[in-house]
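Peer 1: What follows is a predicted protein model with its sequence.
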Amino acid sequence: MITDPASGTLSPFDFNHITKEIPELKKIKCSLDAVSFKRPIDSSNMNTSSWKKMGDFIWKNFNNYHGFVILHGSDTMAYTASALSFMFRNLNKPIIFTGSQLPIGTIRTDGKENLITAIEIAAATKNKEPIIQEVAIYFEYQLYRANRTTKVSSEDFEAFESFNYPTLAEAGIDIKYNFQSFLPYPSEDVQYFSKFDNSIGIVYLFPGMDFDLMEKQFSLSSAKAFILMTFGSGNAPTNKKFLKIIKDFIAKGKFIVNLTQCNAGSVQQGKYETSAQLKKMGVVGAKDMTIEAVVTKLMILLAQYNDIKDLEVAFVKSISGEI
C-alpha cells in the first residue's frame, strides 16, 4: 500500500513503485522478474478468482523459476497463502508471501526488510535444492508455514502468529532454518488444483444467541458446508433446538466442521458432554487447524468431492501440513 497524497488514504500500487523505494533489491544476487495485476487490489477485496489468477500464473511459469515471492496486503494474506498451499500439492520450491504493516515509502516501513529477506529465503539452496519447499509467510523476522498462520495484530509489526506450529526460520544476522519443522521433501510430482466451491458459511457461537435466527440461516442458506466456531476444545450448547438445527442440516447430506474460537489448541470432540452430541451427529472436528486453513481447504475439497463421506475422509487428512 502507499499513501494517496490527495486523500490521505492507503491504496494499492504496482511493483515499479517498490523498486523505486527499495533500491537494495538491485543488489540481491539473483535474477528477479516482477509481475503485477493489471489493476492492483486491496487485500480486503481478495476472492477465489484472484487466488486462481495467482495460481495459474505460478503454474504456467513453474519450471522457469527457482521460487516465487508474492507481495500481499496483510489483512487477508493468511487466507490467500493457505489457499495456495492447498492448490499446490507436493510442492518442491518456495512460494513466499510477505507484505508490510506500514506502507512502502514511509520512513519506518517494515516492508523493506520483509521483502528483501523473503527474496533471500526464496533463493536459498542446500545441495542445489531449494531449502524451502512449501508455501510460507515471512513477516517481521519470522518464516511461518502458510496454513498455520493467523493475523493477530492490526498495529504491531509482529502481525502474524503460528500458535500450533513452530516457525520454519528466524532471521537475525543469519537466517536460521528449523529443518525439523519442514514438510518432508516430496517424493511425488507437483499437482495443481485451481477449482473452488465457496458455498460455505460460518456461525460464531456466543452465550445467549438466538437459535431461531440460526435456524433461518441454516434452512434458507444454499451452503454445502458450515463452520461452527465453538468454545474451548470444541464445545457447544446442548440446547435441543440448536442440536436439531445441526442434525437436520447434516441429514440433507451437508457438511459441518467444528472449529474452536481459541487461537491455540485443538478441537477434541467427545472430551466433554457439550461436544459429544456433535460428534455423534456427524460433525467433523477441525483438530488444530486455523480458520484460514479450514475455509480455504473446504473451498478446494468441495470442488473435488460430491460424496459427503469422501469429503470427510479428505478433510481430516493433512494435505500440506495444516494439521
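Peer 2: The structure has been received and is ready for your questions. Computed from a prediction, not measured in an experiment: that's the story for all the values here. Numbers count the residues shown, from 1 in each chain.

Peer 1: Nearest to the middle of the chain, which residue? Look it up for me.
Peer 2: Central residue of the chain (Cα atoms, centre = their mean): S82, 2.6 Å from the mean position.

Peer 1: quick one, what contacts that one?
Peer 2: Counting by Cβ atoms under 8 Å, 6 or more residues apart in numbering, S82 touches 135, 146-147, 149, 290, 292-293, 295-297, 322. In short, each C-beta sits where N, CA and C put it, glycine included.

Peer 1: which one of those is nearest F255?
Peer 2: K297 (11.8 Å; Cβ to Cβ).

Peer 1: how about low-confidence regions in the stretch 101-250 of the chain?
Peer 2: Applying pLDDT under 70 to the stretch 101-250 of the chain picks out residues 105.

Peer 1: Which parts of it are helices?
Peer 2: Applying DSSP state H, counting those that start in this stretch to the stretch 101-250 of the chain gives helices spanning 111-123, 211-220, 240-251.

Peer 1: Just give me how far the shortest one sits from the chain centre.
Peer 2: Mean C-alpha position of helix 211-220 versus that of the full chain (Cα atoms, centre = their mean, to the nearest Å) differs by 28 Å.

Peer 1: repeat for stretch 68-79
Peer 2: When C-alpha coordinates are averaged (Cα atoms, centre = their mean), stretch 68-79 and its chain have centres 9 Å apart.

Peer 1: Show the end-to-end separation of that stretch, please.
Peer 2: This stretch, stretch 68-79, spans 17 Å end to end (Cα to Cα, to the nearest Å).

Peer 1: do stretch 99-108 as well
Peer 2: 14 Å.

Peer 1: Same check on stretch 58-74?
Peer 2: Criterion Cα to Cα; first-to-last residue distance in stretch 58-74 is 20 Å.

Peer 1: Check stretch 303-317 too.
Peer 2: Start-to-end span of stretch 303-317 (Cα to Cα) is 17 Å.

Peer 1: What residues of that stretch count as buried?
Peer 2: The neighbour-count check on stretch 303-317 (16 or more other Cβ atoms under 10 Å) flags 303, 305, 308, 311-312, 315 as buried.

Peer 1: now swap in stretch 251-262 and tell me
Peer 2: Here stretch 251-262 shows 254-260, 262 as buried, counting by 16+ other Cβ under 10 Å.
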